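Chemist: Have a look; sequence and predicted model below, questions after that.
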Amino acid sequence: QLQLVESGGGLVQPGGSLRLSCTVSGRPADLYAIAWFRQAPGKRREGVSCISRNSGETEYADSVKSRFTISRDNAKNTVYLQIDTLKPEDTGVYYCAVKRLEYVSLCFLSADEFDYWGQGTQVTVSS
């Protein structure tokens, strides 16, 4: 049974940083493209970043470029999202999701494409 567990969320002041982790169990993480999504209260789920199986391809939403960095350690079955210069509008529940792919250098940010989701971790940016 594939499981995804997110961690690393919390309450942070504007301008602060967080590193979110998504740990995959039940299957080797390197079979999957992995993405981070977020959902703010009253808003639709938004794709923020994705990474391909071999880390050769990454994508970011325009709203987070230059502040978010996605990476993965397949030996640890974990994907990370480094979030810097946090803003109040970054507040939301952050989810990771995986899509099993044959291609090693492909990822995308469309939520409909993803097969498995974690339970999410709350990020709150407030002074």
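Modeler: It's in.
Chemist: secondary structure element for the residue minimising distance to the centre of the chain?
Modeler: For the chain, the residue sitting closest to the mean C-alpha position, by CA atoms, centre = their mean, is residue 36 at 2.3 Å. Here residue 36 is covered by strand 32-39, with elements defined by DSSP states H and E.
Chemist: go on, residue 19?
Modeler: Residue 19 belongs to strand 18-25 when elements are defined using DSSP H and E.
Chemist: Can you show me the strands along the protein?
Modeler: 3-7, 10-12, 18-25, 32-39, 46-51, 58-60, 68-73, 78-83, 92-100, 116-117, 121-125 (DSSP state E).
Chemist: Single out the most deeply packed of the ones you listed.
Modeler: Of all those, strand 32-39 carries the top mean neighbour count, a mean of 25, counting by mean count of other CB atoms under 10 Å. (C-beta placed from N, C-alpha, C; glycine too.)
Chemist: partner strands of it, parallel or antiparallel?
Modeler: Sheet pairing of strand 32-39 (DSSP bridges) gives strand 46-51 (antiparallel), strand 92-100 (antiparallel).
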